[in-house]
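Sequence unavailable; structure follows:
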């Protein structure tokens, strides 16, 4: 899209009303076609574009942007048209008006390509940017909004319950009610509420509510429900994050509506934050920053693979070892494509006869495997094996969720004896999904609860890649054997 951008204007000495306090930011007014956009910038380094939600403005990122800047990023926080201290020449917002503003801001600031993080209504512009101008997006983190390729289900209809009131909104009704317990896990202090709501004293801010929802949100929602984006492909690597208390976007519902992501996106992952609801940036800013930095750094590794991780192997594994340290402990995510259908891979992973074969290949030395499995919720899979003559491993996994052939959740208690000395037990939760991808199956592993990063790295770099390689080889060999006997 061609967008003409004009030089940034001089910054006024005073702001009306005054900007809420946030140290370290530089404030610019950037001229775009039809508007003068207020943009707050902090830090130096690789650019990160933050697009706020509704009814928020640039100040939503007051805690997050400085933390990103401290890790070597130049963080750009615009007030999107109709919000904050941005001034439009005329009222009215159309479906891609904000996208054109965002492109103009990037051009004026000399940013060709940036990491992008968005929340709520800001995700509309972020998704438009990622689909229509993927060359401008390095990696994307999307907060509290499902992917554009979602498969609609009635279970998420309550998420649209706020639309009628906002479509009919009339000033001077304040947006204060939007920060209530329905959307917040932790109540906002009064001074924070004041920081968000002060902008309502600006002419036109409350009048723009109907314009935003009628001109942008409703047309975009129609496109989502009708599946327009399922006829497109999402190329920038995308991490979608929800607070675990963000109803109706429970983990189960979100995974359901996103379950065919391999069909619509190059690289896609989900993450869930404890003790957080819709306004996750206020409920859990530290967790948001940790997830964003991990995702951005991961994309950097994919673009510049090290000598010990060749590019072809990196692309094949699509290793998503997100570094997460929180209430659930240290975690990992790994993805790998295996041959065979989801049914074949799921059964090979859970069937004792198959386990005895692919587990026995864990080491170069001849070993043995004993395994039993009671594949039902509450049932136990127990395995004892020797990866080498000096080591004995004893794993007990309790099945918590079973959705054959797509999903498996277990609680693992693992012990190992090295040279006759027993190590402290490892207790983690493992979530695995099995999804058809091309001619094979995309296996996603999420494991949380590691006591130390070193243990997590062992599983991420050695245990899971090796185990999945051997599982894939077993599935391929089984298929070849069936074909030979046919």
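That came through fine. Worth saying up front: this structure is predicted, and the values here are computed from it rather than measured. Residues are numbered from 1 along each chain as shown.

got any ranges where this structure has weak pLDDT?
Per-residue confidence for the chain (pLDDT under 70) gives these ranges: 1-13, 301-329, 360-368, 387-389, 420, 486.

How is it divided into domains?
Segmentation of the chain into domains, based on automatic domain parsing, reads 8-304, 336-485.

ranking those by burial, who's on top?
Here the criterion is mean neighbour count by mean count of other Cβ atoms under 10 Å, and of those the winner is domain 8-304, at a mean of 19. No exception for glycine: its C-beta is placed from N, CA and C like everyone else's.

chain center to that domain: distance?
13 Å (Cα atoms, centre = their mean, to the nearest Å).

Check stretch 376-387 too.
31 Å.

residue ranges for the helices of the stretch 251-400 of the chain, please.
Using DSSP state H, counting those that start in this stretch, the helices of the stretch 251-400 of the chain run over 251-257, 261-264, 280-283, 285-303, 311-317, 342-350, 352-358.

For residue 410, what is the enclosing helix or strand?
strand 407-418 (DSSP states H and E).

just checking, what packs against that strand?
Packed against strand 407-418 by the contact rule (3 or more Cβ pairs under 8 Å, 6 or more residues apart in numbering; DSSP states H and E) you find helix 342-350, strand 391-403, strand 426-437.

Looking at these, spot the one closest to residue 91.
strand 426-437 (45.1 Å; Cβ to Cβ).

and the angle for the closest one with helix 342-350?
With axes from the mean of the first three to the mean of the last three Cα atoms, to 10 degrees defining the directions, strand 426-437 sits at 160 degrees from helix 342-350.

Residues touching strand 426-437, excluding its own?
255, 259-263, 328-329, 337, 341-342, 345-346, 349, 397, 400, 405-415, 441-451, 455 (Cβ atoms under 8 Å, 6 or more residues apart in numbering).

Kindly report the same for stretch 248-264.
Against stretch 248-264 from outside (Cβ under 8 Å, 6+ apart): 144, 146-147, 149-153, 155-159, 229-230, 232-234, 240, 242, 244, 268, 270, 272, 406-407, 433, 435-438, 442.

wait, residue 174 sits on residue 197?
Yes - if you go by Cβ atoms under 8 Å, residue 174 and residue 197 touch, sitting 6.3 Å apart.

What segments of the stretch 101-250 of the chain are helices?
122-132, 163-167, 190-197, 208-212, 218-225.

Can you check what angle separates the longest one from helix 218-225?
It stands for helix 122-132. 60 degrees.

Strands of the stretch 1-150 of the chain, start to end?
8-9, 26-32, 35-42, 46-51, 73-78, 87-88, 114-119, 137-143 (DSSP state E, counting those that start in this stretch).

Dump these to JSON lines, plus distance to residue 372.
Formatted as JSON lines, the strands of the stretch 1-150 of the chain follow (distance: least, Cβ to Cβ, whole Å):
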{"stretch": "strand 8-9", "distance to residue 372": "68"}
{"stretch": "strand 26-32", "distance to residue 372": "63"}
{"stretch": "strand 35-42", "distance to residue 372": "57"}
{"stretch": "strand 46-51", "distance to residue 372": "50"}
{"stretch": "strand 73-78", "distance to residue 372": "50"}
{"stretch": "strand 87-88", "distance to residue 372": "67"}
{"stretch": "strand 114-119", "distance to residue 372": "46"}
{"stretch": "strand 137-143", "distance to residue 372": "42"}
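
wait, which of those strands is closest to residue 293?
strand 73-78 (8.8 Å).

got a list of contacts for the closest one?
25, 30, 37-52, 58, 61, 65-66, 68-69, 86, 101-102, 105-106, 109, 111, 114-115, 296.

Looking at the helices and strands packed on strand 407-418, spot the one closest to residue 14.
Closest among the helices and strands packed on strand 407-418, using Cβ to Cβ: strand 426-437, at 52.2 Å.

residue contacts, residue 120?
Residue 120 touches 52-54, 56, 143-145, 278, counting by Cβ under 8 Å, 6+ apart.

measure residue 29 to residue 69 for me?
21 Å (Cβ to Cβ, to the nearest Å).

right, I mislabeled it, should have said residue 265
With distances taken as Cβ to Cβ, residue 265 is found 29 Å from residue 69.

next one: residue 101
Distance from residue 101 to residue 69, by Cβ to Cβ: 23 Å.
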